[in-house]
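**Student:** quick one: sequence and predicted model below, then my questions.
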Amino acid sequence: MIRSNNPASTLLRPVRSPQAVSDPNLSLRHLSYRPDSERSRERRSGETRFSTTALWGQTNAESSSGAPSFAASSQGVGSTNPESGLTLVELIITITIVAVLATAAIPIARFQVKREKERELRRDLWEMRSAIDKYKDAADKGGFQIKADSLGYPPDLETLVNGVEVQGKKVKFLRRIPTDPMTGNTDWGLRSNQDDPDSDSFGGQNVFDVHTKSTGTALDGTKYSTW
């Protein structure tokens with residue numbers, strides 16, 4: 001062996017080639033030096049080849065003996081059925097929940113629509129009654145001529161929209177006749193100051209009050225016609 005001053009050289013071992021072993025007359029130059037790390041890699045490579053060969057041989061043996069070599073694969077394929085069934089059950093449960101929520105939401109939506117119509121009805125009645133009162137105030141102040149039997153109230157709703165001459169100027173008290181949200185038209189019930197408060201018939205002398213012709217019942221239990 002040739003020694004060197006380099007510390008790394010101590011990890012090198014002389015290895016004779018097959019020719020050197022058979023021929024003792026060969027010189028040292030035929031000796032090759034390989035580090036221990038390289039020899040370790042060769043041993044691990046040989047063990048890997050041995051393990052692969054053994055595993056291949058065991059597989060061939062199981063195939064020749066008729067053992068089920070694809071048992072794990074078959075089991076994996078069969079395991080997809082429970083997942084499909086679970087997905088279908090979840091879909092049915094989801095549809096059922098959505099149907100229940102939709103059924104519960106329908107009455108709430110109808111309630112909201114009805115309440116909004118009631119608010120609109122109250123607003124329209126207030127707007128027309130306010131216009132009647134303004135017309136009455138202007139008539140009492142002598143702003144325009146009125147009929148003797150009208151007592152200062154307008155003869156109809158169209159007069160409030162068309163307006164009257166007050167000191168040479170056209171004065172309108174109502175922008176338009178609102179649409180009854182309960183009946184869907186502008187045909188309002190009218191009462192004169194000579195009619196009974198609960199009367200459904202119109203005497204025609206003047207327009208003292210207005211009401212809806214709807215016979216429905218409000219959310220608070222009262223009749224719309226009494227509003």
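**Tutor:** Sure thing, it's come through.
**Student:** longest helix anywhere in the protein?
**Tutor:** For the chain, the helix with the greatest residue count under DSSP state H is helix 80-140.
**Student:** what packs against it?
**Tutor:** Contacts defined by 3 or more C-beta pairs under 8 Å, 6 or more residues apart in numbering; DSSP states H and E place helix 80-140 against helix 157-162, strand 164-166, strand 209-211. In short, each C-beta sits where N, CA and C put it, glycine included.
**Student:** residues making contact with the last one?
**Tutor:** By C-beta atoms under 8 Å, 6 or more residues apart in numbering, the residues outside strand 209-211 that reach it are 125, 128-129, 132, 157, 188-191, 225-227.
**Student:** any idea how far Phe208 is from Thr87?
**Tutor:** Distance from Thr87 to Phe208, counting by C-beta to C-beta, to the nearest Å: 70 Å.
**Student:** the two: who's more crowded?
**Tutor:** Applying other C-beta atoms under 10 Å to Thr87 and Phe208 shows that Phe208 carries more neighbours, namely 21 against 10.
**Student:** pick the most buried one from the helices and strands packed on helix 80-140.
**Tutor:** Highest mean neighbour count among these (mean count of other C-beta atoms under 10 Å): strand 209-211, with a mean of 19.
**Student:** could you spell out the sheet neighbours of it, each with its direction?
**Tutor:** strand 189-191 (antiparallel) (DSSP bridges).
**Student:** who touches the strand it pairs with?
**Tutor:** Here strand 189-191 makes contact (C-beta under 8 Å, 6+ apart) with 156-157, 197, 199-200, 202-203, 207-213, 225.
**Student:** quick one on the thing from earlier: so can I have TSV of the contacts of strand 209-211 showing pLDDT?
**Tutor:** Listed next are the contacts of strand 209-211 as TSV, based on pLDDT from 0 to 100:
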residue	pLDDT
Leu125	96
Met128	96
Arg129	95
Ile132	95
Leu157	94
Trp188	94
Gly189	92
Leu190	93
Arg191	91
Ser225	90
Thr226	90
Trp227	90
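**Student:** which of the residues you listed are buried? Put it as a PyMOL command.
**Tutor:** Selection of buried members from those for PyMOL, criterion 16 or more other C-beta atoms under 10 Å:
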select buried, resi 125+128+132+157+188+189+190+191
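**Student:** which two of the contacts of strand 209-211 lie the greatest distance from each other?
**Tutor:** For the contacts of strand 209-211, the farthest-apart pair by C-beta to C-beta is Leu157 and Thr226; their separation is 19.8 Å.
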